[in-house]
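In: Everything below, folded, please.
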Amino acid sequence: MTYRGTTISDALDVKPISQTTWRVSDRRSGDATRGILGYIREVEHGFEMLWMRPRAGVTRRYGDFAEAVNETARHLGTLRRPD
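Out: Residues are numbered from 1 along each chain as shown. Presented below is the predicted three-dimensional model:
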């Protein structure tokens, strides 16, 4: 995992879009726009994942970047594969 660069796993793609924000996509979708799951951003005392799919506006807070990415990947595993 890379903190300030691109992070890729089998299903999750995390790309920096600023120094404090990363776009999180489902690599399984095959479509860059439809594959966007949300955004991880650095906030005071940790990181926050703002989900755009499957339900926009849901946020989760994490203590560090690795936890945010790992929990997002774990949650992605529970979601239905995009069509």
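
In: mind checking which helix or strand the residue sitting nearest the centre point of the chain is in?
Out: Centroid-nearest residue in the chain: V24, 3.3 Å away (criterion: Cα atoms, centre = their mean). According to DSSP states H and E, V24 maps onto strand 21-26.

In: all strands of the chain, in order?
Out: Remark: strands assigned in the chain by DSSP state E are 7-8, 12-16, 21-26, 36-43, 46-51, 59-62.

In: Pipe those strands into TSV and attach mean pLDDT and distance to T72 per row.
Out: For every residue, glycine as well, the C-beta is placed using N, CA and C. Listed next are those as TSV, based on pLDDT from 0 to 100; distance: least, Cβ to Cβ, whole Å:
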stretch	mean pLDDT	distance to T72
strand 7-8	62	10
strand 12-16	88	7
strand 21-26	91	6
strand 36-43	94	7
strand 46-51	95	5
strand 59-62	94	8
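
In: if you compare those strands, which one is most tucked away?
Out: strand 21-26 (a mean of 20; mean count of other Cβ atoms under 10 Å).

In: what packs against it?
Out: With contacts taken as 3 or more Cβ pairs under 8 Å, 6 or more residues apart in numbering; DSSP states H and E, strand 21-26 sits against strand 12-16, strand 36-43.

In: Present those as CSV; the columns should include distance to R61.
Out: Compiled in CSV, these are given as follows (distance: least, Cβ to Cβ, whole Å):
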stretch, distance to R61
strand 12-16, 17
strand 36-43, 7
